[in-house]
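Visitor: generate a structure from the sequence data that follows.
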Amino acid sequence: MQKTIITNAHVISPGIDMEGATIVLQGGEIRTVTKRRVSEKGADTRVDVQGMYVMPGFIDVHAHGSATFDFCDADPEAVFKFAEAKLHEGVTTLLPTTLTVSHEALMRSAANAKAYVAAGSPFCKVPGIHLEGPFINVKCCGAQNPDFVRKPSFKEVGEIAKVFPVRLVSYAVEMEGGAKFAQECLKNGIVPSCGHTAAKLADLMPAYKKGLRHLTHFCNQMTPLHHREIGMVGAGFLLDDLATEVICDKIHLCPDMLRLIFTKRPLASIQMITDSLRCSHCPDGYSFNMGGLDVRLEKGEARLVKGGNLAGSTLWMGTGLKNVHEITGIPLKDLVRTTSWNQALEQGWGDRLGKIEKGFAADLVVINPKTWKPAAVFVDGEQRV
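Guide: Numbering: from 1, shown residues only. Coordinates of the predicted model:
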């Protein structure tokens with residue numbers, strides 16, 4: 001079994017801030033995390049990270065594309081290029097996220113994800129997909145195509161899941177059958193999430209009572225907080241056990257809102273996401289089509305050409321972590337759970353992913369604290385970046 005020893009590591013893991021650490025990886029697992037000297041006998045590889053941060057590999061449960069590729073592209077190669085780009089961002093587990101498109105297009109995307117896994121998942125892990133839409137409120141499409149919006153149908157989800165696992169579905173709970181849809185999702189091991197929604201708190205509660213505990217890109221394309229109707233933003237602050245996805249680029253949410261969320265909500269209920277689009281890794285001026293809608297990247301903001309709605313981000317997870325750390329001053333050992341372990345717990349992987357501890361999968365990202373960019377990435381103990 002391949003044995004790798006990482007030395008001079010500044011380990012940042014949920015509840016742990018350990019400088020001068022040594023990490024031993026073997027058989028795809030973390031075998032040792034210690035500040036004591038470790039014998040290098042039998043080691044195949046030694047990596048000196050020179051005091052850089054070593055964190056659990058990021059888990060991005062909401063990302064559409066990167067490096068000019070989108071998960072909904074017809075070309076099967078798009079998934080490979082997308083996953084490769086996300087790996088270079090430090091993402092070791094990815095839920096490729098669909099757009100509101102036709103059923104045929106969703107089936108094709110599922111088949112492409114299946115082909116990626118069949119090829120050995122050469123970049124980040126892809127254990128399943130996130131369906132964002134098509135079961136959304138047409139009044140809250142944002143940058144989703146209203147032509148493909150339809151009522152929640154677990155039959156459709158089930159057909160897609162037969163091709164490749166569906167792990168998360170974003171939909172508008174106020175749509176007909178919204179509570180039953182959440183129940184069916186949970187019965188089949190799928191996380192239901194409320195997003196692109198005009199729901200009032202009362203509209204959420206039937207699905208909440210059935211077990212829904214997730215909000216898609218919190219504050220974006222959902223009912224705002226108002227003193228006579230608290231909406232979904234209010235629900236996120238009222239109900240501590242709602243997992244809220246947060247895009248921490250300081251564009252989708254201003255710094256003060258990020259400060260409010262991260263200081264007033266339980267950190268255990270926050271999940272950083274990128275919501276990245278194919279324009280991530282691209283220069284300003286890049287234009288593209290997204291589910292039939294034209295989008296242009298200007299000043300780091302991806303917006304619809306017609307109407308100007310924000311369409312997603314170019315964010316990297318490490319940058320999001322840096323932003324929140326600088327805005328709030330919350331210690332990294334507390335914040336880091338929002339980049340991986342919270343996601344892992346919700347998906348049932350919390351005993352294997354999201355921590356740098358003995359017995360956990362050797363999925364790690366080495367972050368340069370000067371640039372907040374990955375210097376190395378390990379997946380199951382294999383250095384892939």
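Visitor: please enumerate the helices of the stretch 251-385 of the chain.
Guide: Ranges of helices in the stretch 251-385 of the chain, per DSSP state H, counting those that start in this stretch, are 255-264, 317-328, 332-335, 341-347.
Visitor: with just CA atoms, put the shortest one into PDB.
Guide: Output for helix 332-335, consisting of C-alpha atoms alone and laid out as PDB, is shown next (Å, rounded to 0.1, in the frame of the first residue of the first chain):
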ATOM      1  CA  LEU A 332     -10.200  28.700  10.900                       C
ATOM      2  CA  LYS A 333     -10.600  25.600  13.100                       C
ATOM      3  CA  ASP A 334     -14.200  26.600  13.600                       C
ATOM      4  CA  LEU A 335     -14.900  27.900  10.100                       C
END
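Visitor: which residues sit against the top helix by length along the chain?
Guide: If you go by DSSP state H, the chain has its longest helix at helix 103-118. Here helix 103-118 makes contact (C-beta atoms under 8 Å, 6 or more residues apart in numbering) with 71-72, 74, 76, 78-80, 83, 96, 98, 126, 129, 131, 134, 156, 159-161, 163-164, 166. (C-beta placed from N, C-alpha, C; glycine too.)
Visitor: and with 6 Å instead?
Guide: The contact list for helix 103-118 (C-beta atoms under 6 Å, 6 or more residues apart in numbering) reads F71, C72, P76, V79, T98, V126, I129, I160, V163, F164.
Visitor: so which of these are in strands?
Guide: I129 (DSSP state E).
Visitor: out of the contacts of helix 103-118, who's nearest T34?
Guide: V126 (32.1 Å; C-beta to C-beta).
Visitor: for that closest one, give its distance to H62.
Guide: When distance is defined by C-beta to C-beta, to the nearest Å, V126 is 14 Å away from H62.
Visitor: neighbour count: these two, which is higher?
Guide: Higher neighbour count among V126 and H62: H62, with 26 against 23, using other C-beta atoms under 10 Å.
Visitor: one step back: out of the contacts of helix 103-118, give me the two with the largest separation.
Guide: P76 and I160 (16.3 Å).
Visitor: who has more neighbours, those two?
Guide: More neighbours surround I160 than the other of P76 and I160, with 20 against 16 (other C-beta under 10 Å).
Visitor: chain neighbours aside, what residue packs nearest to that one?
Guide: Using C-beta to C-beta, 6 or more residues apart in numbering and skipping residues adjacent in sequence, the residue nearest I160 is A110, 5.0 Å away.
Visitor: can you pull out the helices in the stretch 51-200 of the chain?
Guide: Assigned by DSSP H, counting those that start in this stretch, the stretch 51-200 of the chain shows helices spanning 77-88, 103-118, 154-163, 178-187.
Visitor: any chance of a markdown table for those helices, columns distance to Q144 and mean pLDDT?
Guide: Shown next, in a markdown table, are these (distance: least, C-beta to C-beta, whole Å; pLDDT from 0 to 100):
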| stretch | distance to Q144 | mean pLDDT |
| --- | --- | --- |
| helix 77-88 | 19 | 98 |
| helix 103-118 | 13 | 98 |
| helix 154-163 | 16 | 98 |
| helix 178-187 | 17 | 98 |
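Visitor: residue contacts, V166?
Guide: Shown in contact with V166 (C-beta under 6 Å, 6+ apart): I129, L131, V157, I160, I190.
Visitor: now could you export just the CA positions of the host helix or strand of V233 as PDB?
Guide: Using DSSP states H and E, V233 maps to helix 231-238. Provided in PDB are the C-alpha atoms of helix 231-238 (Å, rounded to 0.1, in the frame of the first residue of the first chain):
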ATOM      1  CA  GLY A 231     -39.900  34.500   4.300                       C
ATOM      2  CA  MET A 232     -37.200  32.000   3.600                       C
ATOM      3  CA  VAL A 233     -34.400  34.300   4.800                       C
ATOM      4  CA  GLY A 234     -36.200  34.700   8.100                       C
ATOM      5  CA  ALA A 235     -36.700  30.900   8.200                       C
ATOM      6  CA  GLY A 236     -33.000  30.400   7.900                       C
ATOM      7  CA  PHE A 237     -32.400  32.500  11.000                       C
ATOM      8  CA  LEU A 238     -35.400  31.200  12.900                       C
END
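Visitor: check which element follows it along the chain.
Guide: Counting by DSSP H and E, the next helix or strand C-terminal to helix 231-238 is strand 243-247.
Visitor: domain ranges for this protein?
Guide: Annotated domains of the chain cover 3-55+354-383, 58-347 [automatic domain parsing].
Visitor: any idea what V295 is bridged to?
Guide: For V295, the beta-bridge partners under DSSP bridges are F288, L304.
Visitor: quick check, it in contact with A311.
Guide: Yes. With contact defined as C-beta atoms under 6 Å, V295 reaches A311; the gap is 4.7 Å.
Visitor: pull up the overlap in contacts between those two.
Guide: In contact with both V295 and A311: A302, L304, using C-beta under 6 Å, 6+ apart.
Visitor: before we move on, the earlier item: any chance of the helices of the stretch 51-200 of the chain in TSV, plus distance to M1?
Guide: Listed next are those as TSV, based on distance: least, C-beta to C-beta, whole Å:
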stretch	distance to M1
helix 77-88	22
helix 103-118	23
helix 154-163	33
helix 178-187	38
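Visitor: quickly compare the ones you listed and say which is most buried.
Guide: Sort those by mean neighbour count, taking mean count of other C-beta atoms under 10 Å, and helix 77-88 sits at the top with a mean of 22.
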